[in-house]
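Student: Structure, please.
(3 chains, ligands or ions: 2)
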Amino acid sequence: MTTRNGWLAILFHTLFVGFIVAPLLMVVWVAFTPEGYLALPLTRFSLRWFIAILDSDFIPAFWNSLLLGVMSATLSLALSVPAAVAVVRHRFPGRDAIAAFFLAPLMVPHLIIGVSMLRFVSVMGFGGSWITLTASHVLIIFPFAFRLALAALVGFERPVEWAAISLGADTRTVWRRVTLPIIMPGLAGGWILAFLQSFDELTMTIFMATPGTTTLPVRMYQYLSDNIDPLIASVSAALIIFSVAVMALIERLWGLDRLLSGKGR
Amino acid sequence: MTEAEGPFLRVAGLTKRYGEVIAVDDLALEVSRGEFVSLLGPSGCGKTTTLQMIAGFVEPTGGHVLIGGRDMVRVPPNKRNIGIVFQSYALFPHMTVAENVAFGLEMRKVPSAERASRVRAALEMVRLQGLEARLPRQLSGGQQQRVAIARALVVQPDLLLLDEPLSNLDAKLREELRVELRDIQRRVSITTILVTHDQSEALLLSDRVAVMNHGRLEQVATPLDCYEKPASAFVATFLGRCNLLPVARNGAGGLQLGPATLPVAPDTPASGALALALRPERISLVAEGAGILPGTVRAALFNGEQWLFRIETEAGEVQVTRANDGAPAAAQGTRVGLAWDAASARVLPVGENGAARG
Amino acid sequence: MAERALAVPRVSALPYLLSAPGLILYAVCLVAPLAMTALLSFYTFTMATGISTSMSLANYAEILADDYFHTIFARTFGMALAVTLISVLIGTPEAWILHRMNRRWRAAFLLVILGPLLIPVVVRTLGWALFLGRNGIVNRTLTELGLVTTPIEFMYTFTGMVVALTHVLCPFLVLAVWANLQRMDPATEAAALSLGASRTRAVLRVVLPQIMPGVLSGCLIVFTLAASAFATPAIIGGRRLKVAATATYDEFLNSQNWPLGAAIAVLLLVSILTIVLVWNRAVERRFAASFQG
Ligand SMILES: Nc1ncnc2c1ncn2[C@@H]1O[C@H](COP(=O)(O)OP(=O)(O)OP(=O)(O)O)[C@@H](O)[C@H]1O
Ligand SMILES: [Mg+2]
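Tutor: Numbering: from 1, shown residues only, chains lettered A, B, ... in the order given. Ligands and ions are numbered 1, 2, ... in the order given. Alright, predicted model coming up:
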């Protein structure tokens, strides 16, 4: 049913979209300035600030973020799929409590998790390390991966597995040849979402990052606290462009709204 | 599989409880090699549960399943060599038609050359040549069903289980595939159990029909016997249309049906509530005063092939059908007599289940 | 044949084994650290001696007594409330407008509005700093046009934080309402219209009640995220306008007074959880049947 929106609605919509998009466009626009200070380029555009990124310490931070994101998304999926299998495929005492518990980090602010991990690490004497940083990232993205794994498994038709079993497949073969390939698109969606959550995370990471494990958002925040210059704008612009590419991919493969509201496929 | 004496599939005392619910209750069934048996019953009577216990996907609460004389209790479902066609077909959505059909052969480590030729033969049998490279979602419902049948048959299973394989299809396709299914089954002469709640499907296809109600088997017999000699009021009413008229033994050693007295047949149950089962097409309308039971025509309904009369008698309402021969029917309000052959009537015990459907 | 019991209903260990890795992670990285932090909030801290493990309620007493902290908490929840209200007021109509667009436009604008959720918060906040900062385009234009002589202060203001944070969080509300609208049977609105309701009445009486669960859960998401937001208040509010999150950060990483920081964090967590609980309770009572996250 498409009823046409009235002119008032269209005006409102235009303002709303402007509100959402304007600051982002601003960042991209400023990033193309040829000047050495923040200015809106009107006649002359330059890529000098994008080139400047290459020599900055944002590059190692980017690699850190990428590595951290890949590791924690993969680990969170590896842990959440078995948990989702338990919850979807088995009836056992404590099942509902466990399912609710796995979603709990959604309710605990990242700030609190960051503070707690900082305390935990100092009490245990671990120091800041990749292991603790990764573990904490796995924790905060676990609920997203778990929710999408649940969605993928709930939509799965059991008789398809039974058909494979009746044809002689053993449990491992059924998983490898039938179940996994079928739920893979849903799991991949979970992985992407988990990766982005990790890649963008600042509030918790800022408590845990050490000079060797500084992630991109942390580095950007630190940089921003000192000064705002065209370099940070060009880094941001690059990230916006990167995000738009990822977004296009997600929209093609899963539908952005479905993935974000945890529906998988 | 050892060739054993006696029935090929034997199910004894098979029971499944889900907490308080008894889904399948002490079920016994014997199926001989090559036979086609239908498991027929209303929704929720335990058909699927029975099938899945035979296949090994549901663990029985009690009882045995023997295939070729071998107890299946400790045989896992992937070692039972049973072909199954699920109601939803359960095709592997990420594999092509050919890969779907080849899957079971792959599991059996059939060499690839032989595998290819057997897949080709199986697809030819279900007349799906040329669709090998399609994915299941690119097929129509009927084609998907045939892939499911080919996939189940290509491994040459000892037993074929079909769980309402035709229920998703439209009426025309269903009729076509029924015939096809029967042909294929005859050609490979494989022992088959078909689950259905469609009585005409069961009568049309099977060597024997097993009628199920509330987790129990009510009757296992040939289609003709089930129809002509129903073992219970439930079977009589579930298969086709049937009048159930309350009768009682009278002091004179006869059966009282309203004002009429009938002789007691030798197989009449000795005690309990009884009903006379009479098929509407076996009753003829005769002149008032003649026949066994007098009545008044309350309605005469016409559907082209048949007339359906609803006749009020002292024993209750009786339905009578008569093939349309072009002549106008007895008018509403006419007093008539009802007559039937003693051989067409059966006296059955009425349980609380059967009476509800009269 | 005698019936033989084959399966005694028994509890299998498998589901527990499958969830064990996740549970261990949660125990180590969530439960233990939270417990330690709660404990930490009762410890004492002095500049000279650092953290001592003598237990007291001193940190909580300090927060509850000090006007400085009152202001911080009032600002935190004031900001969260304002962000939530504005988000509902603009996000709900926007979701509705999206819902009524034709397929093409809808898909495109859904991307434009939800897409920013994939962009790091730091980047999105930077946009506002560039837009509305002292030298930002708005102030520059206004000054050049001669409309203002001194730049309008946006950075380091409450308004600035609310606007930027609304920008960051409003898409969550649109998403929640949108997901709810998709579940709604479009025929109900048509039915209301066919029964003679005016368009406005149809929306108010038929559509709004149906999307209320989405609106309410969206509110909750926005509120909890706003109350604990760090990056945006830190960048826009800076040192001058502290909220609970930035205050915690300062206590931990600048003043090194961990116990006090922990107490702020615990209070923030407890208040947020209380609000979530009360809210859910109230919502469940009203929408017992239809409410699902
Ligand atoms: N997993 C289960 N837990 C509890 N009860 C069940 C379960 N599976 C089946 N039942 C119950 O057992 C009974 C038989 O179910 P079954 O699926 O075998 O019926 P059916 O004859 O196949 O019905 P239909 O024709 O509708 O498919 C039903 O009352 C059903 O509710
Ligand atoms: Mg069934």
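Student: Please report how far the closest residue to ligand 1 within chain A lies from B:Gly333.
Tutor: Using CB to the nearest ligand atom, A:Arg91 is the residue of chain A that sits closest to ligand 1, at 9.4 Å. The C-beta positions use only the backbone N, C-alpha and C, and glycine is treated the same way. Remark: distance between A:Arg91 and B:Gly333 (CB to CB, to the nearest Å) = 62 Å.
Student: before we move on, what about B:Ala252?
Tutor: When distance is defined by CB to CB, B:Ala252 is 34 Å away from B:Gly333.
Student: tell me how far stretch A:218-232 is from the chain's mean position?
Tutor: For stretch A:218-232, the separation from the chain centroid amounts to 22 Å (computed by CA atoms, centre = their mean, to the nearest Å).
Student: Can you list the buried residues in that stretch?
Tutor: Using 16 or more other CB atoms under 10 Å in any protein chain shown as the test for burial, stretch A:218-232 gives A:218-221, A:223-224, A:228-232.
Student: can you tell me which helix or strand the residue nearest the centre of chain C belongs to?
Tutor: Residue closest to the average C-alpha location in chain C (CA atoms, centre = their mean): C:Leu225, at 1.9 Å. Using DSSP states H and E, C:Leu225 sits in helix C:208-227.
Student: element containing the residue of chain A closest to ligand 1, please.
Tutor: Counting by DSSP H and E, A:Arg91 is found in no helix or strand.
Student: And the pLDDT for it?
Tutor: In this prediction, A:Arg91 carries a pLDDT score of 87.
Student: try the one 3 residues further on
Tutor: Per-residue confidence (pLDDT) for A:Gly94: 90.
Student: burial of the closest residue to chain A within the stretch 101-250 of chain C, as a residue count?
Tutor: Using CB to the nearest CB, the closest approach of the stretch 101-250 of chain C to chain A is made by C:Gly127 at 2.7 Å. Other residues lying near C:Gly127 total 26 when counted by other CB atoms under 10 Å in any protein chain shown.
Student: Equivalent analysis for B:Lys172, please.
Tutor: Counted with other CB under 10 Å, the neighbours of B:Lys172 add up to 9.
Student: And it, how far from chain C?
Tutor: Computed as CB to the nearest CB, to the nearest Å, the B:Lys172 to chain C distance reads 31 Å.
Student: Next, that residue: secondary structure please.
Tutor: Classification of B:Lys172 using DSSP: H, G, I helix; E, B strand; the rest coil returns helix.
Student: which residues sit in contact with it?
Tutor: Neighbouring residues of B:Lys172 by CB atoms under 8 Å, 6 or more residues apart in numbering or on different chains: there are none.
Student: ok and the residue in the stretch 101-250 of chain B nearest ligand 1?
Tutor: B:His197 (5.0 Å).
Student: Contact partners for A:His13?
Tutor: A:5, C:94, C:97-98, C:109.
Student: go again using 7 Å as the cut-off
Tutor: C:94, C:97 (CB atoms under 7 Å, 6 or more residues apart in numbering or on different chains).
Student: Per-residue pLDDT of it, please?
Tutor: Confidence score, pLDDT, at A:His13: 94.
Student: thought the residue nearest to the centre of chain C was touching C:Val168?
Tutor: No: using CB atoms under 7 Å, C:Leu225 is not in contact with C:Val168, being 8.3 Å away.
Student: can the longest helix anywhere in chain A be found next to ligand 1?
Tutor: For chain A, the helix with the greatest residue count under DSSP state H is helix A:58-89. No: against ligand 1, helix A:58-89 shows no contacts by CB under 6 Å from any ligand atom, the least distance being 12.7 Å.
Student: centre of the chain versus that helix, how much separation?
Tutor: On CA atoms, centre = their mean, the centre of helix A:58-89 falls 10 Å from that of its chain.
Student: before we move on, what about stretch B:272-280?
Tutor: Using CA atoms, centre = their mean, the mean C-alpha position of stretch B:272-280 is found 21 Å from that of the whole chain.
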